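Trainee: predicted coordinates and the sequence they were generated for:
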Amino acid sequence: MATLVWFRRDLRLADNPALAAAAAADAPVVPVYIHAPDEEAEWQPGAASRWWLHQSLERLRAKLRACGSQLSIRASAHALAALRALIRESGATRVVWNRCYEPAAVTRDRAVKQALREDGIEVASYGGALLHEPWAVRTRGGDPFQVFTPYWRQCQSLEDPSEPLPAPRALRAPAAWPPSQTLASLELLPKLRWSEGIAAAFTPGSDAAHAKLEHFLAEAFDEYGSRRDQPGTDGTSRLSPHLHFGEIGPREIWHATRRFAEHRGRHSWRDSQFITELGWREFAHHLLYHFPNTPSQPLRASFAQFPWRADPRALEAWSRGMTGYPIVDAGMRELWHTGWMHNRVRMIAASFLVKDLLLSWSLGARWFWDTLVDADLAANTLGWQWVAGCGADAAPFFRIFNPVSQGQRFDPDGRYIRRWVPELGGLPNRWIHEPGAAPPSVLDEAGITLGKSYPSPIVDHAVARRAALEAFKRIGPRR
DNA sequence: TGAAATGTTGGGGCG
DNA sequence: ACGCCCCAACATTTC
């Protein structure tokens, strides 16, 4: 009579509709996690994500234990096979989960649902990962949106997301627990010990996520509009990996922000930039659901013929943070060391790859996928296609970031550069964003030999910009 | 959620 | 006092 709760990208007890539904029934609850990476095809989690997943599962297991429950972990080529085994071992008659929206997950879940029902199992799925289901938001003509502003306006006009559900206090145990593999047996942790940087920057788990949200609201929410673009400050929430793994749900964030703002008489919170960022997350999932080819194919078909360059050495220089443009290199090194990059810098680094180096956005998307702890197929796809100008509501082809002026504008005191590109630390602020143009005496003084202690710029931005305009002009403009 | 190129304005130095 | 030039500051256009 037990209910299987299939945890996936919802590694939390609070505001977990599937878990709440299972707990509400007068029946034992069997929480399970199934590691079936092959079912995610070419978008299996990268090394940084796997590290996070390991930590997060550990926290979830502890949380469940505190409720008198247990997490049964299985690795399997096919989730369906593992579910059937778990059903057999636990005598469960019902399976519940919260929906995922990636194309591979949608296909798989549909098949699993049908197969289990044919087995005579009761199956239900719930929405908990988004404020609005992707199919619930439509243009007047019934189509999915392709422009953010009208999309989000439409969302805001819908009924408010419901209040988050409380975490169950206790979960009924089954007569016998289905055995669990060890977490270690999933081999999620990296072989090399490079994860210290990530561990120093982040603490996975829903407790840390909620602490971070409270801290953000108290310390940074009011100034978010002005400080969110300054990578040298602590102006953003850094909730992205927690959101990706579902350690905290968007409804919890939405309502916590509402309560915080209303308590202080701030009634414009709905239109705050922070809430708008939740909107972009929704929009990304909306697009991925309705345009499932976009992780590998440009949404705008004309870009399929774009003459991207092939230049492995340039790609390598970009990946490793050795382009000679400090703001780009700082971002790429922050990514490599912490599994995260400030959003403003993501745009700058992405623009550099796509426009200055004329390398395909999909190469950048893949690198981010492998290295980000918050790697999310929907957000990553939207972000890269946006920068490349080949996606929905994309940046126009002529919008090309100048890595020097962007650095000067958003990191005026060079704090971000000094943190991640320490070899430039001795440069005065005047030159820290363009060592390639600094007078020899200044470089001397700072102990820098261009080409040795720090790379010379791998391209001349002014030249690269003109080449990009030329190439994009041919294929990019909307018709 | 750009930036460069081009155009306009207005104050100050100077003959 | 006046016109001229220079150029910074700002605005507009273009890619």
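Mentor: Perfect, thanks for sending it. Quick caveat: nothing in here was measured; it's all calculated off a predicted structure.

Trainee: so how far is A:Phe306 from the residue in the stretch 151-300 of chain A that DNA strand C sits nearest to?
Mentor: Closest approach between the stretch 151-300 of chain A and DNA strand C, counting by Cβ to the nearest atom of the strand: A:Arg300, at 17.8 Å. To be clear about C-beta, it is placed using only N, CA and C from the backbone, and glycine gets the same treatment. Going from A:Arg300 to A:Phe306 by Cβ to Cβ, to the nearest Å gives 10 Å.

Trainee: mutual contacts of those two, please.
Mentor: A:Cys390 (Cβ atoms under 8 Å, 6 or more residues apart in numbering).

Trainee: tell me where chain A is predicted with low confidence.
Mentor: A:478-479 (pLDDT under 70).

Trainee: who are the packing partners of the longest helix along it?
Mentor: Longest helix of chain A, by residue count under DSSP state H: helix A:47-66. Using 3 or more Cβ pairs under 8 Å, 6 or more residues apart in numbering; DSSP states H and E, the elements in contact with helix A:47-66 are strand A:29-35, helix A:196-201, helix A:206-219, helix A:361-371.

Trainee: can I see the domain layout of chain A?
Mentor: A:3-128, A:130-163+A:206-290, A:301-475 (automatic domain parsing).

Trainee: nearest to DNA strand B, out of those?
Mentor: domain A:301-475 (3.8 Å).

Trainee: will you turn the helices and strands packed on helix A:47-66 into CSV that also has distance to A:Leu53 and mean neighbour count?
Mentor: CSV is the format used below for those (distance: least, Cβ to Cβ, whole Å; neighbours: other Cβ atoms under 10 Å):
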stretch, distance to A:Leu53, mean neighbour count
strand A:29-35, 9, 25
helix A:196-201, 12, 14
helix A:206-219, 14, 17
helix A:361-371, 14, 21
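
Trainee: okay, now the nearest residue to A:Ser453 once chain neighbours are set aside: neighbour count?
Mentor: Once flanking residues are discounted, A:Ser453 sits nearest to A:Glu423: 5.2 Å by Cβ to Cβ, 6 or more residues apart in numbering. Residues lying near A:Glu423 (other Cβ atoms under 10 Å) number 16.

Trainee: same question, A:His337
Mentor: A:His337, neighbours per other Cβ under 10 Å, totals 17.

Trainee: what helix or strand is it on?
Mentor: Under DSSP states H and E, the secondary-structure element containing A:His337 is helix A:326-338.

Trainee: and if you look at A:Arg153?
Mentor: Assigned by DSSP H and E, A:Arg153 belongs to helix A:148-157.

Trainee: and that helix with DNA strand B, contact?
Mentor: Yes: counting by Cβ under 7 Å from any atom of the strand, DNA strand B has neighbours in helix A:148-157: A:Phe148.

Trainee: and the stretch 301-450 of chain A, which residues reach DNA strand B?
Mentor: Counting by Cβ under 7 Å from any atom of the strand, the stretch 301-450 of chain A sits next to DNA strand B at A:343-344, A:347, A:395, A:398-402, A:405-406, A:409.

Trainee: 6 Å - rerun?
Mentor: A:347, A:398-402, A:405-406 (Cβ under 6 Å from any atom of the strand).
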